[in-house]
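Visitor: Generate coordinates for the sequence data below:
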Amino acid sequence: MKIAIVGTGYVGLVTGTCFAEMGLDVTCIDVDLQKIENLRQGIIPIYEPGLDDMVLRNVKAERLHFSDSLIEVLPTVDVVFNAVGTPPDKDGGADLRYVLDVARVIGQNIQKYILIVTKSTVPVGTANEVRKTIQNELNRRSLVIDFDVASNPEFLKEGDAIKDFMSPDRVVVGVDSEKAKEILTKLYRPFLLNNFRVIFMDILSAEMTKYAANAMLATRISFMNDIANLCELVGADVNMVRKGIGTDSRIGTKFLYPGIGYGGSCFPKDIKALIHTGKENGYGLKVLQAVEEVNEKQKEVLFSKLNNQFDSHLKGKVFAIWGLAFKPNTDDVRDAPAFPLIEKLIEAGAKVRLFDPVAMEEAKKFLHLKNLMNEEQIYFTENIYDTVLNADALLLITEWKEFRMPNWKLIKDNMRGRLILDGRNIYDKRELSEHGFEYYGIGV
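Guide: Numbers count the residues shown, from 1 in each chain. Predicted coordinates:
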């Protein structure tokens, strides 16, 4: 079976590479000519552990190909996965222009039956728009060509995407024809050897499942952050509370870690898109509105703590920041909590020294884009110890493994101040106190 993946972003590249790994003939397509040329040369546009080797291996085996033309491959493929971006509109809804552009090209050029599978995260009802767009183009061509549309939302975790694809908890597939179901059953049959489930359902439910899953995870994060903030006010320790409720089998421990808010490419835009869908249908998703409100407020927590510690006199102070990516094992800085903090520190006249194991280049691009790249106030450093040089305080933003057990004596010798703000609660207050540091976490 030959398949095409349109869009070589995070989802598209991982999906195409993993399908090739299972023996399929895959062509990944993107309109970005430079990205396609780089991929042909083995230059991977994203950081994802294990992806580089897998791409190179499958290109060498001639199972994985890269092209800038969907039109060229349409005559030879059986399935087209649409994995293009769905950025947020100004009103919070998902921008479907790229999804529908792909549908339009398919409708203008198909000559035989093809199954079009939406992999992008899209609002409920998008499959109907895709179908309508393709059919309109066929009508303009005065052709009758059978095709099917399906939904196959992704549930990949950045930093662990290959494992998630190759051995997922479940695969959700929305179809409305037996032929589409048969093709997707055949496509995913090799994965059944790992004893996971393919869950078939109607297309509308599949589209909703993706949003509902992300909304539930985001809700757990904001709930725990809300509880953490209350713990600080009443003198409780949120780490103990988390353990106490996490042992309840009905609740569990996942996504119950307090911190400084969620970020990344999925949760922020998906919550906004789902709230927007509710409004379009005359229904206010009050819980999710609160989830979003709590998350935005939580990104200000470390700055508030810092401001209090220095009595609002931050001008001229130097602050070391460990971690810029929104989570470990990725270079993705989209909606990362580090950047609202950096912006506020710059506005306050402070200087920041920044380090992240893999996200430095993406961080520089983001800061330039936001016109925040002030070289007199922002310094990108070589390692964690260089970062704390003459710093008045150290702020832990992203819980990379190399940040977990540093040489505290060396840090103390390099720092000017003794304040540590732990945005992920990975350090032990007693240990740091013994080293002479003043420690503050989240909810403790």
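
Visitor: For the stretch 101-250 of the chain, which segments count as strands?
Guide: Using DSSP state E, counting those that start in this stretch, the strands of the stretch 101-250 of the chain run over 114-118, 147-151, 170-174, 197-201.

Visitor: among those, which is nearest R189?
Guide: Checking the strands of the stretch 101-250 of the chain against R189 by Cβ to Cβ gives strand 197-201 as the closest, at 8.9 Å. From N, CA and C alone the C-beta is placed, and that goes for glycine too.

Visitor: Quick check: neighbours of that closest one in the sheet, parallel or antiparallel?
Guide: strand 170-174 (parallel) (DSSP bridges).

Visitor: Give me the contacts around the strand it pairs with.
Guide: Contact with strand 170-174 is made by 127, 150-153, 155, 181, 184, 188, 191, 196-207, 209-210, as judged by Cβ atoms under 8 Å, 6 or more residues apart in numbering.

Visitor: Any of those buried? List them.
Guide: For the contacts of strand 170-174, a neighbour count by 16 or more other Cβ atoms under 10 Å gives the buried set as 127, 150-153, 155, 181, 184, 188, 191, 198, 200, 203-204, 206-207, 209-210.

Visitor: Contact partners for L13?
Guide: Here L13 is in contact with I5, C28, L39, I44, P45, I46, L51, V55 (Cβ under 8 Å, 6+ apart).

Visitor: Most neighbours among those residues, which one?
Guide: Sorting these by how many neighbours each has (other Cβ atoms under 10 Å) puts I5 first, at 30 neighbours.

Visitor: Is that one bridged to anything, and to what?
Guide: Taking DSSP bridges as the rule, I5 bridges to C28, F81.

Visitor: for the contacts of L13, which one is nearest P340?
Guide: I46 (23.2 Å).

Visitor: check contacts around the residue nearest to the closest one when sequence neighbours are not counted.
Guide: Once flanking residues are discounted, I46 sits nearest to Y10: 5.6 Å by Cβ to Cβ, 6 or more residues apart in numbering. Listed by Cβ under 8 Å, 6+ apart, the contact set of Y10 reads I46, E48, L156, E158, A161, S265, D332.

Visitor: coming back round to it: I'd like the strands of the stretch 101-250 of the chain as a markdown table, with mean pLDDT and distance to K317 appended.
Guide: Formatted as a markdown table, these follow (pLDDT from 0 to 100; distance: least, Cβ to Cβ, whole Å):
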| stretch | mean pLDDT | distance to K317 |
| --- | --- | --- |
| strand 114-118 | 98 | 49 |
| strand 147-151 | 98 | 51 |
| strand 170-174 | 94 | 49 |
| strand 197-201 | 90 | 53 |
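
Visitor: so which of those gets nearest D32?
Guide: Nearest to D32 among these is strand 114-118; the distance by Cβ to Cβ comes to 20.4 Å.
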